[in-house]
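Enquirer: Any chance you can model this:
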Amino acid sequence: MNYFFSLLLSFLFSANCLAGTTSEVSLRDKIGQMLLIGFNGKTINSKSSIVQMIDKDNIGGVILFDYNYHTNTFDKNIESPEQVRKLNHDLHSFAKQSNLQHHRMQLPLLISVDYEGGQVNRLGKQYGFPSTLSAAEIGKRGFKKAESSAESMAQTLKKAEFNLDFAPELDVNVNPDNPVIGKKDRSFSSDPQKVTHYAAIYTHHFLNKKIQCAYKHFPGHGSSTKDSHQGFVDVTDTWHAYELEPFERLFQSQEVCGVVMTAHIVNRQLDPSGLPATLSHKILTGLLRNQLHFKGVIITDDMQMKAISDNYELGQALALAINAGADMLMFGNNLSVPQQNPTQVIDIIEAKVKSGEITQERINEAYQHIMELKKSLRD
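Expert: Reported below is the predicted structural model:
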């Protein structure tokens, strides 16, 4: 009896300590976790800028690229499987050290990549990684090939020590001439049921290897006629309600990716105001959260894409996205705009919380979603 009583006291003490640690997380640390940042370099050390961001700003994650738009060469982060694995291992190690040093919760750093297969594939065969097929090619070859492809990709991600892949694509191939989806063979099919089935296969294999995954681009980019990297994209007259089906069906399944990525598209069928989905409360909270019941992390597509950066001042874009329901904000630092310092972003968001433009509750909600996602990655 004394043993069980002692065990109960020990459990309660541990639970109280954990709750205390969570409640005592600073506002700036919570905001830092909401940022996913791109950086330069194939190797890092304690003096590297990205390591300083992890340590000082407590950023939630990073994203790796191969092509560097600032140098117009393939010198960004990826050279070979061995180099990427070492880079990612070092990133994880520095994050753990910083958490210990600052008495933070040991939440893993998200290390992400765009690894869809086909043309959107940062881990290319030219660097020594296994070859991949595009979503469109998989859709032609059938479910058996999808199983083997998804298993191979999950193994590649695991070996390289990534823990988040921005895939699978749920965009339905409404417009085959779409320059950013259809023309790049990024959609599994023009049939939403087939898109759902193929995406479920990739979801299973990624999650089975403890690789989190992201459905994109909500609420559907498959009907667009332009690329939101270059400016506003309006799908009001081309979008179809069935583009939501893959999201809705997968949210109801037993295995669900923990992340949904937003699209910078204008869809007045869903929000008459004309706000891009990334900045729309009607679309992210009203539709994605409340109607479709998504419970994971909502992350923006790159906030430096011109659809956002050319039309909204940084502070305005941050407030709109967070208030819309975005939990994480991506700054890939790999487009034509200057690189974004996360300290500035944290300063802006902190000031808006203190002024009441963004509520503390919204930050707490985002942080809770991020914590749940990261706990799913623990072995």
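
Enquirer: Give me the pLDDT for the residue nearest the centre of the chain.
Expert: By CA atoms, centre = their mean, the chain has its centre lying nearest to residue 299, at 5.1 Å. On the pLDDT scale, residue 299 is placed at 98.

Enquirer: hey, what's it bridged with?
Expert: On the basis of DSSP bridges, residue 299 is bridged to residue 261, residue 328.

Enquirer: Can you pull out the residues in contact with stretch 175-183?
Expert: Applying CB atoms under 8 Å, 6 or more residues apart in numbering, the set of residues contacting stretch 175-183 from outside is 169, 171, 173, 186-187, 190, 221-229, 238. All C-beta spots, glycine's among them, are computed from the backbone N, C-alpha and C.

Enquirer: in the stretch 251-379 of the chain, which spans are helices?
Expert: Counting by DSSP state H, counting those that start in this stretch, one finds helices in the stretch 251-379 of the chain at the ranges 281, 306-309, 314-324, 342-355, 360-375.

Enquirer: quick one: average confidence on the third one?
Expert: When you say that, I think you mean helix 314-324. Across helix 314-324, the average pLDDT comes to 97.

Enquirer: what's the angle from it to helix 342-355?
Expert: 60 degrees (axes from the mean of the first three to the mean of the last three CA atoms, to 10 degrees).

Enquirer: quick one: helix 314-324 to chain centroid distance?
Expert: 17 Å (CA atoms, centre = their mean, to the nearest Å).

Enquirer: my read: residue 109 touches residue 93, true?
Expert: No. In this structure, residue 109 is not within contact of residue 93 by CB atoms under 8 Å, at 9.6 Å.

Enquirer: Name the residue in the two with the higher neighbour count.
Expert: Each of residue 109 and residue 93 has its neighbours counted (other CB atoms under 10 Å); residue 109 has more, 26 against 13.

Enquirer: In space, what's closest to that one - neighbours in sequence excluded?
Expert: Nearest in space to residue 109, with sequence neighbours left out and distances taken as CB to CB, 6 or more residues apart in numbering, is residue 95 at 3.8 Å.

Enquirer: Find the helix or strand that the one you found is a member of.
Expert: Per DSSP states H and E: residue 95 is located in helix 81-101.

Enquirer: and the next helix or strand after that helix, what does it pack onto?
Expert: Following helix 81-101 in sequence order, the next helix or strand is strand 110-113 (DSSP H and E). If contacts are counted by 3 or more CB pairs under 8 Å, 6 or more residues apart in numbering; DSSP states H and E, strand 110-113 sits against strand 61-64, helix 81-101, strand 164-165.

Enquirer: Out of those, which is the most enclosed?
Expert: Of all these, strand 164-165 has the most neighbours on average by mean count of other CB atoms under 10 Å, namely a mean of 28.

Enquirer: Show me what counts as buried in the following helix or strand past that strand.
Expert: Next helix or strand after strand 164-165 toward the C-terminus (DSSP H and E): helix 192-208. Buried positions in helix 192-208, judged by neighbour count with 16 or more other CB atoms under 10 Å: 192, 194-207.

Enquirer: Over to stretch 142-157?
Expert: Residues 146, 149-154, 156-157 are the ones in stretch 142-157 that count as buried (16+ other CB under 10 Å).

Enquirer: Which members of those residues are positioned in helices?
Expert: Under the assignment DSSP state H, the buried residues of stretch 142-157 contribute 146, 149-154, 156-157 to helices.
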